[in-house]
Every structure is written in C-alpha cells, then in structure tokens.
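Undergrad: just a sequence and a predicted model for now, questions to come.
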Amino acid sequence: MSELMRIGLNHYLVLGAVLFSAGLCTMMIKRNAIGILVGVELVLNSACINLLAFSRYCTGLLDGQVVAIFVIVLAAAEAAVALAIFLSFYHRFATVDVDRGDKLRG
Amino acid sequence: MGNVETVLFYGFAATALAGAAGVLLSRNIVRTAVWLLATLAAAGGFYFLLGASFVGAVQLIIYAGGTLVLIIFGVMLTARDPRVSFEPRRIEIAAGALVCLVLAGALVWVFLGTRWYQSPIAQRDGQGIARLTSAQIEALAPGVKDRLTDLDAEGTANIGRQLLSTYLVPFEVVSLLLLAVLIGAAYLARPRVPASPKIGSGAGPKEGRA
C-alpha cells in the first residue's frame, strides 16, 4: 500500500502507458478525421508525461523538459497542418469520414 | 509530506483517465474535444507536479489554449451538422480494444519489471533547482520558501539557456518548420473553387465607376 501512496516513476509510467493505449485505440476506432487527430494528441501527451517523469526521477536534468517543449510545439504545428488537410478533404468530399478517402485504393 | 503529492497525483490521474475514456467512448465529436480538454489540463497538472512549471505553463497555453481551439474550429468548419456521428463497425471496435488492452498490459508489465537508471542528482531529492514538487514546497520552512522562488526562476532560465546552446540546431529547425507550417496550412486550407467569372464581372463596373 505504501508503494501506491508514495508517488514515484512507476506511477507516471503506468499512467502514460494507459493514456497511450487509449489514444491508439481512439486512432483505430474513430472514423471522423478530427477524432483521429484527438487520438494523436493523447498519444503525444502520454509521451510528454513519460519524458518529464524520466527527467524528474532518472536523470535529474532539464533535457526532458526541453524535449517536451519541442514535442508540444510540433504537436501544435501538426494539428494546424492536419486541420488544413481536413478542410481541403471536406471541400472535396463534403465529409471528414476517413473511409471515404479511398481514391488511391487499388 | 508526500500526502499532498499523492492526493494531487490521484486527482489528476482520475481526471486524465476520465478524459481519455470520454475521448474514446464519446460518439459526438464536440464532446470528444471537451473530454480532450480535461485530459490536457490534467497533463498540465502532472507537469507542475513533476517540477516542470515552465512546461506546465506551455502545455496550458499552447495545448489547452491553442491546439484545442484549433480542433474545435476544425469541428465547426467541417461538420454541417455538429451532431453527426460516424459509427465504427463492431469488428473494428473489438480489434482496436483487443490490440490496445494487450499493448497496455505489455507496457505496464515491462515498465514495472525494469530497474530504471537513477542518477545521483535525481536521488538528491529537494536539493535540485526545478525538481521540487508542490508538496515539498509546502513543507519547506518560510526562509527556504523565499529563496525557492529564485531557484525556480533559475530553472526556467536554464531551459532558455539550454535552448540557445545545446539545443540551438533543433531550435532553429523548429522555427523554420513553424514558418513552413504557417505557409503550408494557409495554402492547403484555401477554398479550391475555380475563380468564377462573376467575381471579375462584379469588380468591373466598380472600376468603371471609379
């Protein structure tokens, strides 16, 4: 019980693993393109949590924090480009259902 | 001393997991975005709890403030009816849930079975600059607490120093990437309607009048 009450690295790692799996499952299940993007954000956040937990409990240096900032910035950039693509997709197909974008299927 | 941290951790964990479950199970895309806000805010709380106050602030400003608003704008621009739902097939749900449960189990098993490297700096709890948790700050004597604000600011300053020395090349690459994203997103999102002759003829008489 004291293991559970004394917050350590493992708590954050387990939480990150669960959030990662939830995000992956969201990406696999959703058919709405924006829902898939939300799943990607969940995955990136779980990665950030792991980075900061390792930074705090393993290295004790700031590198994890710097990389986490890069991850957050890249996630914002990725969301902007993805939404621009979805808008373009929507103009063409009048939906954001990713199953409709199968023109290149052989 | 560890009690506040424990309570905060489990509170944030409950919020984050509830948000993730909401994202996963919600059929309505607007509700999905709102559930994501809960998870993002809780993740920001974790960052503060881990002593990374600057990253926590960045998370709240960029993620919860910027990216989420962007997503909600995307929802509004791409849905004729915001309540429209895309029902996944049952076999897809089963496959996704199975894969993710197996993956989560495997990850947790590996994480808990590994002996992680621990540097002496990280073990020296409470001595480091930006590594104090809010619970530890609460437990400190007032004189120490006053000095801590300087130390905490120095931790953020050290992030800036690292960005402009060790991580200078990634920093510059990211700035170029942001420029490319700015132009690329504006290019991709522009309406793809061919220039209609109406616009030209509409502008014609105006010029004539002028």
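TA: Looks like it came in fine.
Undergrad: list the contacts of the most centrally placed residue in chain B.
TA: A centroid search over chain B (C-alpha atoms, centre = their mean) returns residue B:63, at 4.2 Å, as the residue closest to the centre. Neighbouring residues of residue B:63 by C-beta atoms under 8 Å, 6 or more residues apart in numbering or on different chains: A:41, A:45, A:72, A:75, A:76, B:40, B:43, B:44. All C-beta spots, glycine's among them, are computed from the backbone N, C-alpha and C.
Undergrad: okay, residue B:120: pLDDT?
TA: You'll see residue B:120 listed with a pLDDT of 60.
Undergrad: ok, residue B:143 next?
TA: 48.
Undergrad: burial count for the residue of chain A found nearest chain B?
TA: Going by C-beta to the nearest C-beta, chain B is nearest to residue A:60 of chain A, at 3.3 Å. Using other C-beta atoms under 10 Å in any protein chain shown, the number of residues around residue A:60 comes to 22.
Undergrad: for it, what are phi and psi?
TA: Residue A:60 has phi and psi values of phi 70, psi 10 when expressed as degrees, to the nearest 10.
Undergrad: now do the buried residues in the helix or strand where residue B:93 lies.
TA: Assigning secondary structure by DSSP states H and E places residue B:93 in helix B:90-113. For helix B:90-113, a neighbour-count test (16 or more other C-beta atoms under 10 Å in any protein chain shown) marks B:96, B:100, B:104, B:107, B:108, B:111 as buried.
Undergrad: that one near chain A at all?
TA: Yes - using C-beta under 8 Å from any C-beta of the partner chain, helix B:90-113 reaches chain A at B:92-93, B:95-97, B:99-101, B:103-104, B:107-108, B:111-112.
Undergrad: turn these into TSV, columns for pLDDT.
TA: Compiled in TSV, these are given as follows (pLDDT from 0 to 100):
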residue	pLDDT
B:92	85
B:93	88
B:95	90
B:96	89
B:97	91
B:99	92
B:100	92
B:101	94
B:103	94
B:104	94
B:107	94
B:108	93
B:111	91
B:112	90
